[in-house]
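Enquirer: the following comprises the amino acid sequence and a computationally predicted model.
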Amino acid sequence: MMREDLRRRLRELGVVKGVRELRTLEPRPSTAIEDLVSGRFHTTSHGQCFVAEETYPLDHTHGDLPLSSFLELSPQAVAHMEQDARVADVDLGNVCFLDTETTGLSGGTGTMAFIIGLGFFEEGGFRLQQYFLRDPGDEPAMVEALMDHFPTFEALISFNGRAFDVPIIENRFILARVVPPLQGKVHVDLLHPARRLWRYALSSCALTSLEREVLGVHRQQADVPSGVIPFLYRNYLRTGDARDMERVLYHNKVDILSMVTLAARLCRAYVDPWPGQGSGGGRQLGPAEFYALGRWYADEGRGGEAERAYRSALRRCPRPGSPLRTRILRELAYLLKRDGRRGEAFTFWQQLSLESSPDTAGVLAHVELAKYFEWHVEDLTRAAEWTRAALELVEAWSAGKRRDDTVADLRHRLSRLERKLGDE
């Protein structure tokens, strides 16, 4: 029968109905982590820590790319993608893919990494090592083991590791009174280029979203959501039952494998995205991705490639008036204008004026056409016509400072044009 003190506590919490019929549940038998996954105990001067280990062949396919696709990249291409010249001198066969699972999702000094997962290439395969804290007291042993391992790698690759994983690891090393071995290490954080490429194509650039929408990775039911992992670890410490930890290790393993093929996919898309050249790795880029690449190239001053990307995006975005097509037309027209090719830009400003709703982009196109006719064609009549059309659009806007300021600017422009017409 249920103990009286437990029955009393349930009543105090408002649980009354059915308490009499409750029986004490049989405790769930605990299972140690070493009985669930392949691994070994790593012995240090501070004791032992458990390391789960697994090796994959280079031709192992994760999603629609093999792990070896990463080794086919050039360090120079990765350096350009990451915008860090130091990466160009890195041997890509000697990098460490890093991911952690922690006791909290907000970081900070009190957050502990209870799994530190490392993935790296060696001896014709891809090695996965996951350092697991069976107990927080094992942390000094984990720190010592990683002190020996981290310096052997030339660079790190992570997904949001610069903001989350690495600071947590460094905090734990500092608390252990050890100089963090990751300080100054070359670090490629895939989150930032992933956002640059897919921010207009996907509603989320979380790793699980990229797996599903881009990489073709489908996680098994054994996976667990990131948000519940800290709770599962606390429950493991309370019960000693590691069965949920096997699922957390699976989650960490897939994160690391996904980083390998994500790095390959990102670099291929950035370096050589053009159809028919085999660089897309199975999935052709869509209009939003070509638009993002155009902006990326333009920011780097690579005008020719930016123009090619924008034109590729435009061909794949046939629906007039869509927000994406509006952006593409605007950026392509601006690019051509900055390049001094105003006659070519005129075509796209005209398209934008016809396709856009009477919002900022539509008015912008009208104004650019007015400028073109005034300054480059020297047709003041048509310049005034486009200005009047823009003014009509703006006067239909909702009342507010934006409308008032724009109306004032257009009226000033129109007055100047009308004075010049009168002087002819």
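Expert: Okay, I see it.
Enquirer: going by C-alpha atoms from here, please, whenever you check contacts or count neighbours.
Expert: Noted.
Enquirer: count of neighbours near Asp342?
Expert: Just to correct that, residue 342 is Arg rather than Asp. Residues near Arg342, counting by other CA atoms under 10 Å, number 17.
Enquirer: list the contacts for it?
Expert: Residues in contact with Arg342 (CA atoms under 8 Å, 6 or more residues apart in numbering) are 336, 372.
Enquirer: use 446 as the first number for this chain going forward.
Expert: Sure thing, new numbering starts at 446, so read that last one as Arg787.
Enquirer: how close does it sit to Val523?
Expert: 35 Å (CA to CA, to the nearest Å).
Enquirer: identify the single longest helix in this structure, thanks.
Expert: helix 688-716 (DSSP state H).
Enquirer: just the buried residues of the helix or strand just after it, please?
Expert: Downstream of helix 688-716, the first helix or strand assigned by DSSP states H and E is helix 732-744. Buried residues in helix 732-744, counting neighbours by 16 or more other CA atoms under 10 Å, are found at 732-743.
Enquirer: what's the first helix or strand after helix 732-744?
Expert: That would be, after helix 732-744 and using DSSP H and E, helix 748-760.
Enquirer: next one: that next one to chain centre, how far?
Expert: Taking the mean of its C-alpha atoms, helix 748-760 sits 23 Å from the chain's own mean (CA atoms, centre = their mean, to the nearest Å).
Enquirer: and the average pLDDT for the next helix or strand after that helix is what?
Expert: Remark: after helix 748-760, the chain's next helix or strand is helix 768-783, criterion DSSP H and E. Averaged over helix 768-783, pLDDT sits at 96.
Enquirer: export helix 768-783 as CSV, just CAs?
Expert: In CSV, the C-alpha atoms belonging to helix 768-783 read as follows (Å, rounded to 0.1, in the frame of the first residue of the first chain):
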residue,chain,number,x,y,z
PRO,A,768,7.8,39.9,-52.5
LEU,A,769,10.8,37.8,-53.5
ARG,A,770,10.6,38.9,-57.2
THR,A,771,10.3,42.5,-56.1
ARG,A,772,13.5,42.2,-54.1
ILE,A,773,15.3,40.5,-57.0
LEU,A,774,14.3,43.2,-59.5
ARG,A,775,15.3,46.0,-57.1
GLU,A,776,18.7,44.6,-56.3
LEU,A,777,19.5,43.7,-59.9
ALA,A,778,18.5,47.2,-61.1
TYR,A,779,20.6,48.9,-58.4
LEU,A,780,23.6,46.6,-59.3
LEU,A,781,23.4,47.6,-63.0
LYS,A,782,22.9,51.3,-62.1
ARG,A,783,26.0,51.2,-59.9
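Enquirer: angle of it against helix 732-744?
Expert: Interaxial angle of helix 768-783 relative to helix 732-744 (axes from the mean of the first three to the mean of the last three CA atoms, to 10 degrees): 30 degrees.
Enquirer: flag every buried residue along helix 768-783.
Expert: For helix 768-783, by 16+ other CA under 10 Å, it's 769-782.
Enquirer: ok, the residue nearest to the spatial centre of the chain - contacts?
Expert: Geometric centre of the chain, nearest residue: Leu636, 3.4 Å, by CA atoms, centre = their mean. Shown in contact with Leu636 (CA under 8 Å, 6+ apart): 603-605, 650.
Enquirer: what do you get for Ala646?
Expert: Ala646 touches 731, 733-734, counting by CA under 8 Å, 6+ apart.
Enquirer: same deal with Leu730?
Expert: 714, 718.
Enquirer: ramachandran angles for it?
Expert: With angles defined as degrees, to the nearest 10, Leu730 sits at phi -70, psi 150.
Enquirer: now name the helix or strand holding the residue nearest to Val624 when sequence neighbours are not counted.
Expert: Sequence neighbours aside, Phe618 is the residue nearest to Val624 in space, at 6.5 Å (criterion: CA to CA, 6 or more residues apart in numbering). Assigned by DSSP H and E, Phe618 belongs to helix 611-620.
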